[in-house]
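[1] Provide a 3D model corresponding to the input given below.
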Amino acid sequence: MGTVGTVSYLWQQLRGARAPVAAMGGALAARIGLTLASPWLVGRFLDGVERHAPLSQLQPWAVGVLAAALLTPVAAYAAGILAYTVEWTVANRLRGRLAAVALALPVPRHRAMTPGEMVERVDGDVAALGGLLSNLGLQVVASIAQALAALGGLWFVNRGLGLMLAGLVALVAWAWERFRRAAVPLVEAERQGSADTYGLVGELVAARDDLAAEGALHYAHRRLAHAAGRWEPSYVRAELSGYVAWALLLGAFGLADGATYLVSGPLYFGAHLPLGTVYVLVAYVGLLAAPLSSLREQIAELQRGQGSLRRVMAWDRQFSPAATGGCELPPGPLPLSVSRLRWRHDGVRGVHDVSFALAPRRHLAVVGASGAGKSTLATLLAHLVEPEGGTIHLGGIALPQVDPAALRRRIAYLPQTPALFAASLMDNLTLFDPAIPTHRAADGLAAVGLGAWTDRLQHPLDPSTLSAGERELLALARVWLGDPGLVILDEPLSRLDRAHRGEVATRWWSLLEGRTAVIITHRLTTLVSDSSVDPRGAGPDRPHGTVDEILVLDEGRVVEHGSFACLVQDPMSRFGQLLAAERAADAASAP
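    Numbering: from 1, shown residues only. Down below sits the predicted model:
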């Protein structure tokens, strides 16, 4: 990514903050103008002193110098405040956009990234990029503008010296650009090392209880030491690149300073230049080197920001979700049709050639051994992953043609571990949607048997204090509030003990009445009613605890699909055999 690409992308980000950017530009121009005016005023004062001018002629120059000295820090302060205002405005907008991109990533990508790495991508890179915005908007741009203005002043005072220094600056700029291109990949590698290390820290902190219980803390220390060891070389190389750039600038400005004294000294003693003009020359060359004391830090931060900018742009290009289609789904329970669905991850087959159809209000249970592809099918049906082949129609419309917002409203997907937030109970139920009224949330709690929690809607919720059953019931209340046309439950009882399975199962069977549903489960006994199997099969006469259809997966393929009433009574069916094996295992483990 060259300088033009960097400036172009940053300009796109800055366009949303035109007013503060314009004000910052004005403050910068005032600061640079005052900085350049001050040496010129001092030079005129010295020229007057040298020719013994009366005090009345010297006083205006002295007042001008004093005014410039007082106004310069004011303009610098205003430019700094406005620069950081621009930085935070743009950076926070970018954080929000990248967070939206991160939330829209495919499920396999989420599983491949640790939470720490995700935070580093969304916040860490943007924080470094914010430094780039601040530096590029204030310090670096001001330094470049000041250097150009100083060169213009030198050209005006002495064309020979101005031409020589302009050539030196051009040479330094060329060398700097070549060096910058070589240094940015080093900084990009350092940022990736930082993301990997902090991602590992997040992973180890999340597993601290298991590590302590298993006596595996030494394993965590080794993993962390290994990650830090891989990060350190890239960090050292990135830091050294900043020092090398600083040394380059130091040498260049040293040459410029020496050249100024070599040229102006003989001219002064030869009476070709007055003392004030010599002072202006020396001062303007000093303005070229004025930011040198802090330029090394600026360069390092600029390089870090450019490395982060490359990562942000790559993230944006590769993962930014694009809305497709705009069809609305019909109201009420939705029919589902799947045809020759295929998907694999990292070369391992997830599902292959899966086809079935599900009428409105009917319930399908997807069963099979671990690794059969059940959860993969659930994520495909919920349109969290794009299939490699085949089609999924919901309500008679292909999923890619459905408006994304409408699709999320009409599909309820309950993963194996429902997410809860450190927020109020109301926000956890509504997922921070202010359009849902309090009485509606209270009805949702009552629908899942948590009516006693109504008084706690506005109270903070501590997820760590909830049992697995309470978490599942809160997730079901979210489904009730959404009133979806298709419900997908992925192992809804997998985290519950025997005592809580019955209560939660009763609630979700009641919730699914009148809705189209796909239930992923490995606990087949939860699908069987205590009463006799309804010989009529599907429909409103279905007893609680039974489904309409069974689909058995094995290694990603459909090996059996039929009505629940037929398969549960057929001991030779795959479902019947799996059910018998589970009941035998439960009987053997019973006290």
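[2] Need the single longest helix in this protein, by residues.
    The longest helix of the chain (DSSP state H) is helix 217-269.
[3] Give the other helices and strands that that helix contacts.
    helix 159-206, helix 208-213, helix 275-289, helix 292-319 (3 or more Cβ pairs under 8 Å, 6 or more residues apart in numbering; DSSP states H and E). From N, CA and C alone the C-beta is placed, and that goes for glycine too.
[4] what angle do it and helix 159-206 make?
    170 degrees (axes from the mean of the first three to the mean of the last three Cα atoms, to 10 degrees).
[5] and helix 217-269, average pLDDT?
    Computed over helix 217-269, the mean pLDDT rounds to 77.
[6] what does stretch 472-481 give?
    Here stretch 472-481 scores 85 as its mean pLDDT.
[7] Could I get the CA-only coordinates of it as PDB?
    What follows is stretch 472-481, C-alpha atoms only, in PDB (Å, rounded to 0.1, in the frame of the first residue of the first chain):
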ATOM      1  CA  GLU A 472     -31.900 -21.800  28.400                       C
ATOM      2  CA  LEU A 473     -35.200 -20.400  29.600                       C
ATOM      3  CA  LEU A 474     -34.000 -16.800  29.000                       C
ATOM      4  CA  ALA A 475     -32.900 -17.800  25.500                       C
ATOM      5  CA  LEU A 476     -36.400 -19.300  24.900                       C
ATOM      6  CA  ALA A 477     -38.000 -16.000  26.200                       C
ATOM      7  CA  ARG A 478     -36.000 -14.200  23.400                       C
ATOM      8  CA  VAL A 479     -37.500 -16.500  20.900                       C
ATOM      9  CA  TRP A 480     -41.000 -15.900  22.200                       C
ATOM     10  CA  LEU A 481     -40.400 -12.100  21.900                       C
END
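[8] so how far is it from its chain's centroid?
    In terms of Cα atoms, centre = their mean, to the nearest Å, the centre of stretch 472-481 is found 27 Å from the chain centre.
[9] what residues does it touch?
    Stretch 472-481 has contacts (Cβ atoms under 8 Å, 6 or more residues apart in numbering) with 412, 414, 418, 420, 428-431, 436, 440-441, 443-445, 447-450, 466, 487, 492-493, 495-496, 504, 507-508, 511.
[10] now these: which count as buried?
    Among the contacts of stretch 472-481, those classed as buried by 16 or more other Cβ atoms under 10 Å are 412, 414, 418, 420, 428-430, 436, 441, 444-445, 447-450, 466, 487, 492-493, 495-496, 504, 507-508, 511.
[11] which residues in this structure form strands?
    Ranges of strands in the chain, per DSSP state E, are 336-345, 348-358, 363-367, 389-394, 397-398, 411-414, 486-490, 516-520, 549-554, 557-563.
[12] between those strands, which one is nearest to residue 212?
    Smallest distance to residue 212 across the strands of the chain (Cβ to Cβ): 30.0 Å, for strand 486-490.
[13] Might you report the residue contacts of residue 123?
    Neighbour list for residue 123: residue 95 [criterion: Cβ under 8 Å, 6+ apart].
[14] same question, the one 4 residues further on
    With contacts defined as Cβ under 8 Å, 6+ apart, residue 127 is in contact with residue 91.
[15] sorry, back to before: turn the strands of the chain into CSV, including mean pLDDT and distance to residue 155.
    Conversion of the strands of the chain to CSV gives the following (pLDDT from 0 to 100; distance: least, Cβ to Cβ, whole Å):
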stretch, mean pLDDT, distance to residue 155
strand 336-345, 90, 64
strand 348-358, 87, 68
strand 363-367, 93, 78
strand 389-394, 93, 68
strand 397-398, 92, 67
strand 411-414, 89, 68
strand 486-490, 91, 72
strand 516-520, 92, 76
strand 549-554, 93, 78
strand 557-563, 93, 79
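[16] what would the ones you listed look like in CSV with distance to residue 18?
    What follows is the strands of the chain, written out as CSV (distance: least, Cβ to Cβ, whole Å):
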stretch, distance to residue 18
strand 336-345, 44
strand 348-358, 48
strand 363-367, 53
strand 389-394, 43
strand 397-398, 41
strand 411-414, 40
strand 486-490, 45
strand 516-520, 49
strand 549-554, 56
strand 557-563, 57
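[17] confidence score at residue 522?
    At residue 522, the pLDDT value in this model is 80.
[18] just residue 41 next, same as before
    Residue 41 is given a pLDDT of 87.
[19] what about it, neighbour count?
    The tally of other residues near residue 41 (other Cβ atoms under 10 Å) stands at 22.
[20] could you check the angle helix 275-289 makes with the longest helix of the chain?
    160 degrees.
[21] Using the record's assignment, carve this protein into domains.
    Segmentation of the chain into domains, based on automatic domain parsing, reads 3-183+235-318, 336-376+390-419+518-589.
[22] Adding distance to residue 218 as columns, could you present those in JSON lines?
    Shown next, in JSON lines, are the domains of the chain (distance: least, Cβ to Cβ, whole Å):
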{"stretch": "domain 3-183+235-318", "distance to residue 218": "21"}
{"stretch": "domain 336-376+390-419+518-589", "distance to residue 218": "28"}
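[23] For those domains, which has the smallest mean pLDDT value?
    It's domain 3-183+235-318: among the domains of the chain, that one has the lowest mean pLDDT, namely a mean of 75.
[24] Now for the spatially most central residue of the chain: which residues touch it?
    The centroid of the chain falls nearest to residue 122 when counting by Cα atoms, centre = their mean (2.8 Å). Neighbour list for residue 122: 95, 98-99, 102 [criterion: Cβ under 8 Å, 6+ apart].
[25] which stretch among the helices and strands packed on helix 217-269 comes nearest residue 57?
    Across the helices and strands packed on helix 217-269, residue 57 has its closest neighbour in helix 275-289 (13.1 Å, Cβ to Cβ).
[26] of all the domains of the chain, which lies closest to residue 470?
    domain 336-376+390-419+518-589 (10.2 Å).
[27] Quick one: distance of the closest one to the chain centre.
    On Cα atoms, centre = their mean, the centre of domain 336-376+390-419+518-589 falls 34 Å from the chain's centre.
[28] same check, this time on stretch 370-378
    Chain-centre distance of stretch 370-378: 28 Å, with Cα atoms, centre = their mean.
[29] Tell me the buried residues in it?
    Those buried within stretch 370-378 under the rule 16+ other Cβ under 10 Å are 372-378.
[30] Right, I'll leave it there.
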